[in-house]
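>>> sequence plus predicted model, see below.
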Amino acid sequence: MKEMEVGGKIKGGVKIRRFEPPDYSEAVALDAEAGGGHDPYLLTYFYENYPTSFLVAEEGGRIVGMVLGFRQSPLEGRVFWIAVRSGYRGRGVGRRLLMELLEIFRRLGVVDVILEVRATNKRAQGLYVDLGFEIFTTAKNYYPDGEGAIIMRRSL
């Protein structure tokens, strides 16, 4: 697969780039801070299997955000997880990560993108709507703690 350019800086000197192995420990810490609770091996799995669509936001050598995505079928992409450190929320980091991922999906020939979001996460839902996502369906008791999810979709 041809290399695709990723990157650029946003407010405060935050740079978007692909995940690299030295980012691992900070990415695990960010996942824990953001409430992901994912098995740390998941980050290795995404790096090994979907390196093109595993992006981080970095400022001053520190990982302040990340997005993990993958192409789940030839025409459909999936946003698996997006996380931004609390001090960087509301500064456009999550928006930029997601916009970069959507562009990667577009270049890969994806025509639809799907994601799920906690029913109580109104801030994230607002971002997704701003970026063109629409509610596709809902799922009760989707998360391990019993919270429901809103499944959202958008065309590219």
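Great, that's in hand. Numbers count the residues shown, from 1 in each chain.
>>> show me what secondary structure element comes after the lowest-mean-pLDDT helix or strand in the chain.
The helix or strand of the chain with the poorest confidence is strand 9-10; it has a mean of 54 (mean pLDDT, DSSP states H and E). Using DSSP states H and E, the helix or strand that follows strand 9-10 towards the C-terminus is strand 14-18.
>>> buried set for the helix or strand following that following strand?
Tracing the chain C-terminally past strand 14-18 and defining elements by DSSP H and E, one meets helix 24-33 next. By neighbour count on 16 or more other CB atoms under 10 Å, the buried set for helix 24-33 is 26, 27, 28, 30, 31. Bear in mind the C-beta positions are built from the backbone N, C-alpha and C, glycine included.
>>> excluding its backbone neighbours, what's nearest residue 95?
In space, residue 95 comes closest to residue 127 once its chain neighbours are excluded; the distance is 6.1 Å by CB to CB, 6 or more residues apart in numbering.
>>> quick one: contacts for the one you found?
Residues near residue 127 by CB atoms under 8 Å, 6 or more residues apart in numbering: 94, 95, 98.
>>> list just the nearest of those to residue 118.
Comparing the contacts of residue 127 against residue 118 with CB to CB places residue 94 closest, at 14.4 Å.
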